[in-house]
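S.K.: just a sequence and a predicted model for now, questions to come.
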Amino acid sequence: MHTLALNFLDYSVIGGYFVAVLLIGYALRRRMVSTEQFFLAGRALPAWITGIAFVAANCGALEIMGMVSTAAKYGARANHFYWVGAIPAMLFLALFMMPIYHGSRVRSVPEFLKLRYGEATRAFNALAFATMMVLVSGISLYAMAIILQAVLGWSFTASVLIACLVVLVYILLGGLTATIYNEVLQFVLIVAGLTPLVVLALREFHGWSGLAAALPVNLRHTWQGLPAASPFSSAMDGVGNVLGLGFVLSFGYWCTDFLLIQRALAAKSLRAAVQTPLIGSVVKLFFPALVVLPGLAAVAIFPQGLAQRYDLALPNLMTRYYSHGLLGLGVTAMLASFMSGMAGNITAFNTVWTYDLYQAYLARGRTDRHYLVVGRVATVAATLLSIATAYIVLSFNNLMDYVQLLFSFFNAPLFATFLLGMFTRWATPTGGFVGLVAGTLAAGLHYLAYRSHWLPYGSDMSANFYGAICSWTVCFLVTIGVSLLTKRKPPEELAGLVHTAKPREATMDSRGRLHIWIFAALVMAVLIILNWVFY
């Protein structure tokens with residue numbers, strides 16, 4: 001693989017993008033006078049903005065480089081991460097969980113856990129989430145450095161520092177509002193930058209049928225040939241995909257990850273908050289065309305060149321297809337995706353640190369201005385920590401393997417905690433805390449057993465799926481068992497926090513709810529059709 005030298009046109013595209021994101025932050029700087037403005041965008045944004053930002057927050061290194069490399073490694077099975085592992089959970093979030101989140105008026109996911117379970121559960125989740133955000137933010141930096149090194153020959157250090165500086169400046173200036181508006185811009189650039197890659201790859205293979213014919217049989221199909229239950233001899237199986245990915249990991253990520261929930265909480269009304277994940281689900285229906293297809297093309301073109309480092313699939317394709325002009329647009333799209341992911345992680349981190357750790361346990365009763373300053377300091381600290389965690393990713397040959405491992409530790413058990421917390425009155429504070437800790441420890445023990453070869457799974461991904469099932473199950477059962485033996489919260493303290501309890505504020509009217517359900521049903525119908533067509 002060779003590097004390409006940028007010309008003036010390429011630098012103009014990249015430079016124009018950097019100027020645009022900084023100007024957005026600068027234009028919004030005067031609004032950042034309170035913590036609600038800085039951390040929650042004043043809860044005043046329209047649904048179409050928060051909906052695009054909801055998707056764009058997920059379109060970082062995980063989505064772009066990670067999914068291209070996953071398709072190169074696992075073939076069309078990568079479609080499962082959208083059609084099984086995203087859309088059903090997004091619809092569930094919109095229909096059942098966002099009304100509770102919005103109605104409780106919480107500022108973060110850990111704050112909801114405090115109201116529903118107590119301080120201990122909140123503190124444990126806040127620490128776990130802050131750790132995960134720093135680790136995932138490092139993924140964005142690593143992925144960007146890989147792209148710039150492989151395509152342009154830039155040094156790792158220079159790539160990391162430039163991106164960090166730009167992200168840091170526009171978050172400090174414009175807070176979550178700047179981050180969300182930049183996510184909308186970044187999403188547009190991602191689509192524009194990846195579309196030519198898809199078109200050129202399909203042209204080389206004379207369409208989808210030609211590309212499918214060039215692939216090994218086991219990489220052509222989404223479902224066909226997938227064993228029902230064979231975790232120790234196959235890369236993926238039905239049980240792992242449906243339960244591990246489709247239920248535990250997917251619902252744990254889309255329904256409890258504050259990075260995403262924060263975008264919906266920034267919406268101007270309950271209806272806009274519910275519409276946020278619904279809008280995102282429409283985008284997710286068709287996003288595999290931008291990331292799975294290039295991954296399949298990469299494995300067909302470089303069948304022997306990716307086995308040691310599947311993350312090189314995307315830079316290999318860019319150096320093959322992109323000339324000047326397109327190269328600048330492609331690099332800008334990659335920078336946009338990585339900076340979008342990093343900015344989302346950092347804004348989620350600074351909110352949780354300020355509200356759920358610093359204000360809750362270290363310095364209560366200070367002025368709002370004091371917490372605003374602390375949030376900005378936390379932004380700087382998270383950026384510096386992200387640089388350090390970028391090096392951890394080097395021990396994995398596929399970004400998605402690493403990310404799903406993190407989710408099996410942090411999000412899988414949390415979803416069990418939320419299910420019991422939002423849909424039952426009898427889950428107790430002690431049960432919630434003990435169950436969450438037990439589920440997290442179970443994920444750690446499962447991973448140690450896999451790394452020690454006591455559990456010889458067929459692939460890292462299969463190990464992640466079954467690890468998630470293990471951690472969710474342990475958390476679910478332990479929470480139930482402990483709740484049966486410990487004291488419940490009084491019913492009046494559950495108002496607005498549990499579906500069977502009285503809401504704290506007015507809900508949507510019946511007509512609005514009907515429209516939401518019809519929209520969700522249409523999305524689900526299209527999802528079923530896509531799974532059938534690409535079976």
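M.R.: Great, that's in hand.
S.K.: relative to N79, how far out is A214?
M.R.: 18 Å (CB to CB, to the nearest Å). Bear in mind the C-beta positions are built from the backbone N, C-alpha and C, glycine included.
S.K.: contacts for stretch 192-200, please.
M.R.: 64, 289-291, 293-294, 317-318, 321-322, 326, 329-334, 336 (CB atoms under 8 Å, 6 or more residues apart in numbering).
S.K.: let's see that with 6 Å instead.
M.R.: L290, L293, P294, L317, Y321, L326, L329, G330, A333 (CB atoms under 6 Å, 6 or more residues apart in numbering).
S.K.: and what of stretch 95-108?
M.R.: 112, 255, 258, 264, 270, 273-274, 351-352, 355-356, 422, 496-497, 503-505.
S.K.: could you pull out the strands for this structure?
M.R.: Counting by DSSP state E, the chain has no strands at all.
S.K.: quick one: pLDDT of M422?
M.R.: Listed pLDDT for M422 reads 90.
S.K.: tally of neighbours for it?
M.R.: 21 (other CB atoms under 10 Å).
S.K.: for it, what are its contacts?
M.R.: Here M422 is in contact with I100 (CB under 6 Å, 6+ apart).
S.K.: follow-up on the earlier one: between A214 and N79, which is the more surrounded one?
M.R.: N79 (21 against 17).
S.K.: now the more buried one. Nearest residue, chain neighbours left out?
M.R.: Distances taken as CB to CB, 6 or more residues apart in numbering place T222 nearest to N79, at 4.5 Å, with adjacent residues excluded.
S.K.: per-residue confidence at the one you found?
M.R.: T222 is given a pLDDT of 78.
S.K.: same check on L91?
M.R.: For L91, the model assigns a pLDDT of 93.
S.K.: list the contacts of it.
M.R.: Contacts of L91 (CB under 6 Å, 6+ apart): S281, A520.
S.K.: state the distance from it to A390.
M.R.: 34 Å.
S.K.: check K73 too.
M.R.: The value you get for K73 to A390, if CB to CB is used, is 21 Å.
S.K.: neighbour count for these two, which is higher?
M.R.: K73 (26 against 22).
S.K.: ok, that one touching A313?
M.R.: No. With contacts counted by CB atoms under 6 Å, K73 stays clear of A313, the gap being 8.5 Å.
S.K.: quick one: neighbours of A192, just the number.
M.R.: 14.
S.K.: thought A449 was touching L455, still the case?
M.R.: Yes. Between L455 and A449 there is a contact under CB under 6 Å: 4.7 Å.
S.K.: nearest the middle, which residue of the protein would you pick?
M.R.: Residue closest to the mean C-alpha point of the chain, counted by CA atoms, centre = their mean, is N58 at 4.1 Å.
S.K.: name the nearest residue to that residue, sequence neighbours excluded.
M.R.: Closest to N58 by CB to CB, 6+ apart is L260, at 6.8 Å.
S.K.: then F232?
M.R.: Nearest one to F232, counting by CB to CB, 6+ apart, is P456 at 5.5 Å.
S.K.: isn't that neighbour up against A449?
M.R.: No. Judged on CB under 6 Å, P456 makes no contact with A449 at a distance of 9.9 Å.
S.K.: show me where pLDDT drops low in the stretch 201-350 of the chain?
M.R.: 304-309 (pLDDT under 70).
S.K.: now the helices for it?
M.R.: 208-214, 238-239, 250-256, 258-265, 270-286, 288-301, 313-321, 326-352 (DSSP state H, counting those that start in this stretch).
S.K.: residues in contact with the residue nearest to D10 when sequence neighbours are not counted?
M.R.: The shortest distance from D10 to any non-neighbouring residue, by CB to CB, 6+ apart, is to G328 (3.1 Å). Neighbour list for G328: L9, D10, V13, I14 [criterion: CB under 6 Å, 6+ apart].
S.K.: how many other residues sit next to the last one?
M.R.: To tie it back to what came earlier, the one meant is I14. 18.
S.K.: who touches it in this structure?
M.R.: G328, T332.
S.K.: dump the residue contacts of Y253.
M.R.: Contacts of Y253 (CB under 6 Å, 6+ apart): F407, N411.
S.K.: would you mark the buried spots in stretch 187-199?
M.R.: F187, L189, I190, G193, L194, P196, L197, V198 (16 or more other CB atoms under 10 Å).
S.K.: from those, which land in helices?
M.R.: The members of the buried residues of stretch 187-199 that map onto helices under DSSP state H are F187, L189, I190, G193, L194, P196, L197, V198.
S.K.: measure the nearest residue to the fourth one once chain neighbours are set aside to W532 for me?
M.R.: Distance criterion CB to CB, 6+ apart; nearest residue to G193, sequence neighbours excluded, is A333 at 2.2 Å. A333 sits at a distance of 31 Å from W532 (criterion: CB to CB).
S.K.: neighbour-wise, which of the two wins?
M.R.: Ranked by neighbour count (other CB under 10 Å), A333 and W532 place A333 first, with 29 against 10.
S.K.: is it correct that the more buried one is in contact with I190?
M.R.: Yes. Assessed by CB under 6 Å, A333 is found in contact with I190 at 5.0 Å.
S.K.: neighbours around K487, how many?
M.R.: 10.
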